[in-house]
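Participant: Everything below, folded, please.
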Amino acid sequence: MLPLPRLVRARLRTASSRAAFSARPVAPRGSDPEAGAGASDAIVRLVAAGGSNLEADLDRLNPALSHRLVATTLRALTDRGVPASRFFAWASLRRGFVPSADAHNLLVDNAGKVADYPAMSRALALMSERRLSLTDRAFAFLAPQGSSRSGSVEDAARAVLKALDDVGGPCRASGVFSLVKALATIGEFGAAAAAIEETARTARYYNVLVAAKCKAGDFIGAREVFDEMRKLGCDPDANTWNYLLGCLLKKGRVAEACGLVESMERSKNDVIPNSLTYEILTCHACKAGKMDSSMQILDQMFSANLTPRITMHTAFIKGHFYAGRIDDAYKYVSDMSTRDRHSTNRNYSLLAKLLRSSGRVIDAGRVLYELMDKGLRPDHSAYVKVAKDLHKMGMGDLAAELKLMFQSFDVRADDVG
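Facilitator: This is a model prediction of the structure:
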């Protein structure tokens, strides 16, 4: 039996001094950035010059291909409006190199920039064959500042949709979603709505528009999309409601937010409100310093048989801690160890990190020891930093207690193995 550790017996108290940390050298980043830029420039010059011997010229250049180099080169070719398909095909055939999913998306973007939709179709077919997903990066060329193509955004969006329809396959769904997201991001809501109407009126697609308008602080516009969804028979889901809720709270319209929550609770959809809804409410209350209100929301969440996400626990712990209510932060962590056991490790480790960063190293050690006494292993970085600080403070005996408990987890793993 281990003797009752001093860390457990010790009462919370502020350490007399904070531990100093020595500067750590910056880790090398690998390849030389200037050398990589030089290789990219040389490739761009060759590709821009074109000619029937491009592949042979690239072979003679013999650059050391890397994902970073290929991505840099593709972006440079796109910025100059130079087709990149021949370079991409050459790179794909190089032994030991397989283009990344990001490189494939950049190739689609390049084809769009030069308005070569047959080349885009070939790039999409290759992605579908390799079961790679499209991202909104593939459609960056739609942004006015990044496009030299003629015609409207709507025309370009329709051309992209046709290419996606022609190719089909696994990348079509991700392509439509990413196209809608790219259009909404640049404020082309009309084109985004048209793309949805031509494909599928789903909540997932409309949510992209709602999220973009909420991010811009346009609650009225977001609510109009919400109402349009209902009018078209596309039921808003929990994410749709949560975007509106978050937007109202950010604008300080608390009364309207409460009314929205009441509407959510009256919804016939059993998954509305969900755990994220309660998280949005509690995080807002925590930031406003209304910790008692936050706890009431948390209790309501547990009553609805919903489990808080770790980010919600983080908001509570930090909210109490930065308000100077450290005892309440500790009580919250302790209470959650029984109400939501899956969060216990992270909650205790976070509190220990906050205590240590504020100079209360002994308290941090006590929190970690209590966690390990429950049979749970703390975050490794939190343990190491606290133990080192205890040594620097001349409290090696307390650090040894932590080390003894921490090493016991390795012994248990060996016994199981």
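
Participant: For the rest of this, base every contact and every neighbour count on C-alpha atoms.
Facilitator: Noted.

Participant: which residues sit against stretch 164-179?
Facilitator: Applying Cα atoms under 8 Å, 6 or more residues apart in numbering, the set of residues contacting stretch 164-179 from outside is 121, 124-125, 127-129, 131-136, 139, 157, 161, 192, 195, 199, 205.

Participant: Kindly supply the PyMOL command isolating those of those residues that are buried.
Facilitator: Command for PyMOL, covering only those of the contacts of stretch 164-179 found buried under the criterion 16 or more other Cα atoms under 10 Å:
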select buried, resi 121+124+125+127+128+132+133+134+135+136+139+157+161+192+195+205
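
Participant: Distance check, residue 152 against residue 142.
Facilitator: 9 Å (Cα to Cα, to the nearest Å).

Participant: on that earlier part again, okay, and which of the contacts of stretch 164-179 map to helices?
Facilitator: 121, 124-125, 127-129, 157, 161, 192, 195, 205 (DSSP state H).

Participant: What residues of whichever strand or helix holds residue 356 count as buried?
Facilitator: Per DSSP states H and E, residue 356 falls inside helix 344-357. Buried residues in helix 344-357, counted by 16+ other Cα under 10 Å: 344-356.

Participant: Pull the most distant pair out of the ones in helices among the contacts of stretch 164-179.
Facilitator: 129 and 192 (26.6 Å; Cα to Cα).

Participant: could you give the mean pLDDT of the helix holding residue 356?
Facilitator: The pLDDT scores in helix 344-357 average 96.

Participant: What are the contacting residues of that helix?
Facilitator: With Cα under 8 Å, 6+ apart as the test, helix 344-357 has contacts from 310, 313-314, 317, 321, 329-330, 333, 336-337, 361-365, 367-368, 371, 376-379, 382, 386.

Participant: which of the residues you listed count as buried?
Facilitator: For the contacts of helix 344-357, buried by 16+ other Cα under 10 Å: 313-314, 317, 321, 329-330, 333, 336-337, 361-365, 367-368, 371, 376-379, 382, 386.

Participant: So which of those belong to helices?
Facilitator: Those of those lying in helices (DSSP H): 313-314, 317, 321, 329-330, 333, 336-337, 361-365, 367-368, 371, 382, 386.

Participant: Hmm, residue 184 and residue 139 touching each other?
Facilitator: No. In this structure, residue 139 is not within contact of residue 184 by Cα atoms under 8 Å, at 11.5 Å.

Participant: residues near residue 251, how many?
Facilitator: By other Cα atoms under 10 Å, the residues close to residue 251 number 12.

Participant: for the one 3 residues further on, same thing?
Facilitator: Residue 254: 15 surrounding residues under other Cα under 10 Å.

Participant: Next, find the distance separating it from residue 248.
Facilitator: According to Cα to Cα, residue 254 and residue 248 sit 7 Å apart.

Participant: One more: residue 285?
Facilitator: Here residue 285 is placed at a distance of 13 Å from residue 248 (Cα to Cα).

Participant: repeat for residue 197
Facilitator: Going from residue 197 to residue 248 by Cα to Cα gives 28 Å.

Participant: higher neighbour count, these two?
Facilitator: residue 248 (21 against 11).

Participant: Just give the nearest non-adjacent residue to the more buried one, would you?
Facilitator: Nearest in space to residue 248, with sequence neighbours left out and distances taken as Cα to Cα, 6 or more residues apart in numbering, is residue 257 at 5.8 Å.

Participant: Residue 108 is in contact with residue 74, correct?
Facilitator: No. Judged on Cα under 8 Å, residue 74 makes no contact with residue 108 at a distance of 10.2 Å.

Participant: would you list every one of the helices in the stretch 201-350 of the chain?
Facilitator: 203-215, 219-231, 238-250, 254-265, 275-287, 291-303, 310-322, 326-339, 344-357 (DSSP state H, counting those that start in this stretch).

Participant: Kindly reformat these as a markdown table containing distance to residue 38.
Facilitator: Shown next, in a markdown table, are the helices of the stretch 201-350 of the chain (distance: least, Cα to Cα, whole Å):
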| stretch | distance to residue 38 |
| --- | --- |
| helix 203-215 | 38 |
| helix 219-231 | 46 |
| helix 238-250 | 45 |
| helix 254-265 | 54 |
| helix 275-287 | 47 |
| helix 291-303 | 55 |
| helix 310-322 | 43 |
| helix 326-339 | 53 |
| helix 344-357 | 43 |
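
Participant: among these, which is nearest residue 44?
Facilitator: Nearest of the helices of the stretch 201-350 of the chain to residue 44, taken as Cα to Cα: helix 203-215 at 35.3 Å.

Participant: Any chance you could list what contacts the closest one?
Facilitator: 177, 180-181, 184-185, 189, 192-193, 196, 219, 221-223, 225-226, 229, 234-237, 239-240, 243-244, 246-247.

Participant: Tell me which residue lies nearest the centroid of the chain.
Facilitator: Against the mean C-alpha coordinate of the chain, by Cα atoms, centre = their mean, the closest residue is residue 311 at 12.6 Å.

Participant: That one and residue 282: what is the separation?
Facilitator: Residue 311 sits 11 Å away from residue 282, taking Cα to Cα as the criterion.

Participant: One more: residue 344?
Facilitator: Plainly put, residue 344 is 19 Å away from residue 282 if you go by Cα to Cα.

Participant: Could you do residue 324 as well?
Facilitator: 18 Å.

Participant: To residue 47, which of the helices of the stretch 201-350 of the chain lies closest?
Facilitator: Nearest to residue 47, of all those, is helix 203-215, at 37.0 Å by Cα to Cα.

Participant: What residues sit buried inside the closest one?
Facilitator: Neighbour counts over helix 203-215 (16+ other Cα under 10 Å) mark 203, 205-215 as buried.

Participant: Identify, from the residues you listed, the entry nearest to residue 62.
Facilitator: Using Cα to Cα, the buried residues of helix 203-215 come closest to residue 62 at residue 208, 43.2 Å.

Participant: show me where pLDDT drops low in the chain?
Facilitator: 1-36, 145-151, 411-417 (pLDDT under 70).

Participant: domains of it?
Facilitator: Under the assignment automatic domain parsing, the domains of the chain span 61-200, 206-272, 274-339, 345-417.

Participant: Quick one: those as JSON lines, columns for distance to residue 50 too.
Facilitator: As requested, those are exported to JSON lines (distance: least, Cα to Cα, whole Å):
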{"stretch": "domain 61-200", "distance to residue 50": "9"}
{"stretch": "domain 206-272", "distance to residue 50": "40"}
{"stretch": "domain 274-339", "distance to residue 50": "52"}
{"stretch": "domain 345-417", "distance to residue 50": "53"}
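
Participant: I'd like to know which elements whichever strand or helix holds residue 105 is packed against.
Facilitator: Per DSSP H and E, residue 105 falls inside helix 101-113. Judged by 3 or more Cα pairs under 8 Å, 6 or more residues apart in numbering; DSSP states H and E, the packing partners of helix 101-113 are helix 67-80, helix 85-92, helix 117-129.
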